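Enquirer: Need a 3D model of the sequence below.
(chains A, B, C and D)
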2 protein chains.
Amino acid sequence: MAATILVVEDEPAIQELIAYNLKQAGHQPLRADNAEQALHLVANALPDLVLLDWMLPGLSGIEFARRLRADKRTRSIPIIMLTARSDEQDKLQGLETGADDYITKPFSPRELNARIKAVLRRRAPEMTDDMVQLGGLKLDPASHRVSGNGEPVELGPTEFRLLHFLMTHAERVHSRTQLLDQVWGDHVFVEERTVDVHIRRLRKALEPTELDGLVQTVRGTGYRFSTN
Amino acid sequence: MAATILVVEDEPAIQELIAYNLKQAGHQPLRADNAEQALHLVANALPDLVLLDWMLPGLSGIEFARRLRADKRTRSIPIIMLTARSDEQDKLQGLETGADDYITKPFSPRELNARIKAVLRRRAPEMTDDMVQLGGLKLDPASHRVSGNGEPVELGPTEFRLLHFLMTHAERVHSRTQLLDQVWGDHVFVEERTVDVHIRRLRKALEPTELDGLVQTVRGTGYRFSTN
DNA sequence: AAACGATGTCACGAGGTTGTAACATTTGCT
DNA sequence: AGCAAATGTTACAACCTCGTGACATCGTTT
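Expert: Residues are numbered from 1 along each chain as shown, chains lettered A, B, ... in the order given. From the prediction side, this is the model:
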């Protein structure tokens, strides 16, 4: 895991509790008492996920979420909202604003962790550090290591992310555009053909292990990771 | 999936939100703030589906839908309308004008995606990435693979699209013109006989699996995929 | 300052893909 | 049987796609 998680919660006790739990789970909590402060933090460094209390003094949680969604840079950050009760009204409005999940207080640390993990997996399975093992290839996000048939494989950062994405979305074709969006980020402007070059570098790095065939070209469409 | 979806919505925040969600779901959003702009976009390239806000400044959503339905070229584009409230009046008028579905604000991304998928499945199954399995032939759009009686089948891009369309519209005859429109796309001018050649190539590719008989000629009319 | 690794872009060539025309064959009809 | 229209089949040139190596840039390390 090791995700940076922004906690926006005005109640100090609850904020403390959540932050402690996140730390226990291996995440790095960022804290904010209100939306303004949260916006400041986000301006400095992007969190991987936001835990957002819906009832905030000043700028509301809904408005904060809206702003995150409005900015290209922060648009893709997953949001889990914390609601006081199972308030259907909040829930609806929250989901409309683009929250990925909600959790009603009181909640157990276990439940919170489960939802965080689920959201990270759903939004971006490649953000999780579950080990991926497919067709003789093993990729471990936690240790940032890759091995093919036992032999270690050296990859550059981009090739690592690319392989990670492909392996967590195997048996599917991905267009260059999709790969750029998912691996490079959707706010980056790069030539589509750049993908080819990195695919090439990835294959080259896999060659010594004879596993370069797993990364396949689908002519006219894109690339695919497949064990067939 | 990977459908091109035109979003006609004057509220920037909502437009942004929808576009973002569509992208996440693997679609490619086109945006228009008003009906005029939307008409321009449509003139250039046909979207696979239109998300249409009913309340628009200037030319209304209803009028826009009417125009789409009036033109032969755009008549078959599925439309999902976005209504402010569950306004029976709008709903009736919308469905009458030819909308395929409606969704009332506020709506969750999940609900929107579900409706899009449902409409596509009904109106343009070839845009979906559901696997198609018919008469011993299996075609999987997601992995971009085809197999006949278990054996893999190699197809060029055009043959793949052609087979996909035929299989998702089986037991129906399609004229060469229809196939050109649906498989080659609009705004393309190609000889009708070209279809014959690709049918031939498709059959040839299917020959090794003995499944080439599924692609049938209907003399004087066109071609048909049939398991009989 | 020099060296290095990572990255994005370009240019070139091999090979796959496509549309068309030309010719062959089949089909329906008289 | 004989004919004309429709379809099957093949060959091919134009075109497109992708793999590949080279190179410039940038930020960091030595």
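Enquirer: Next, the contact list for the nearest residue in space to residue A:42 that is not next to it in sequence, please.
Expert: Closest residue to residue A:42 apart from its sequence neighbours, by Cβ to Cβ, 6 or more residues apart in numbering or on different chains: residue A:74 at 5.9 Å. (Each C-beta comes from the backbone N, C-alpha and C, glycine too.) Shown in contact with residue A:74 (Cβ atoms under 8 Å, 6 or more residues apart in numbering or on different chains): A:42, A:46, A:67, A:68.
Enquirer: Equivalent analysis for residue A:222, please.
Expert: A:173, A:174, A:175, A:176, A:178, A:179.
Enquirer: again, only this time at 6 Å
Expert: A:173, A:174, A:175, A:176 (Cβ atoms under 6 Å, 6 or more residues apart in numbering or on different chains).
Enquirer: If it is in a bridge, with which residues?
Expert: Using DSSP bridges, the bridge partners assigned to residue A:222 are residue A:218.
Enquirer: Of all residues in chain A, which one is closest to DNA strand D?
Expert: Using Cβ to the nearest atom of the strand, the single residue of chain A nearest to DNA strand D is residue A:217, 3.4 Å away.
Enquirer: That residue: how many residues sit nearby?
Expert: 13 (other Cβ atoms under 10 Å in any protein chain shown).
Enquirer: cool, and residue A:40?
Expert: 10.
Enquirer: which SSE is it in?
Expert: Assessed by DSSP states H and E, residue A:40 sits inside helix A:35-44.
Enquirer: buried stuff in that helix?
Expert: Neighbour-count burial for helix A:35-44 flags A:35, A:38, A:39, A:41, A:42 (criterion: 16 or more other Cβ atoms under 10 Å in any protein chain shown).
Enquirer: Grab the nearest non-local neighbour of the second one.
Expert: Of all residues beyond its chain neighbours, the one nearest residue A:38 is residue A:32 (3.8 Å), with distances taken as Cβ to Cβ, 6+ apart.
Enquirer: quick one: the one you found and residue A:10 touch, right?
Expert: No - Residue A:32 lies out of contact with residue A:10 (Cβ atoms under 6 Å); the separation is 9.1 Å.
Enquirer: Which of those two has more residues huddled nearby?
Expert: Under the criterion of other Cβ under 10 Å, the comparison of residue A:32 against residue A:10 puts residue A:32 first, with 23 against 17.
Enquirer: Tell me who's in contact with residue A:18.
Expert: residue A:7.
Enquirer: Leaving out sequence neighbours, find the closest residue to residue A:148.
Expert: Spatial nearest neighbour of residue A:148, excluding adjacent residues (Cβ to Cβ, 6+ apart): residue A:209 at 3.2 Å.
Enquirer: For chain B, see how far away the one you found is.
Expert: Computed as Cβ to the nearest Cβ, to the nearest Å, the residue A:209 to chain B distance reads 23 Å.
Enquirer: Of the contacts of residue A:222, which are in range of chain B?
Expert: Near chain B, taking Cβ under 6 Å from any Cβ of the partner chain as the test, the members of the contacts of residue A:222 found are residue A:173.
Enquirer: in chain A, which ranges drop under the pLDDT threshold?
Expert: A:1-2, A:44-45, A:58, A:70-73, A:75-76, A:84-100, A:105, A:122-127, A:186-187 (pLDDT under 70).
Enquirer: rerun that using 50 as the cut-off
Expert: Scanning chain A with the threshold set as pLDDT under 50 gives A:86-92, A:94.
Enquirer: Near DNA strand D, which residues of it? Just list them.
Expert: A:193, A:196, A:197, A:199, A:200, A:203, A:217, A:218, A:219, A:220, A:221, A:222 (Cβ under 7 Å from any atom of the strand).
Enquirer: Which members of those residues are classed as buried?
Expert: Looks like the residues of chain A next to DNA strand D have A:199, A:203, A:218, A:222 buried, using 16+ other Cβ under 10 Å.
Enquirer: Looking at those residues, spot the one nearest chain B.
Expert: Distance ranking of those against chain B, using Cβ to the nearest Cβ, places residue A:218 first at 4.9 Å.
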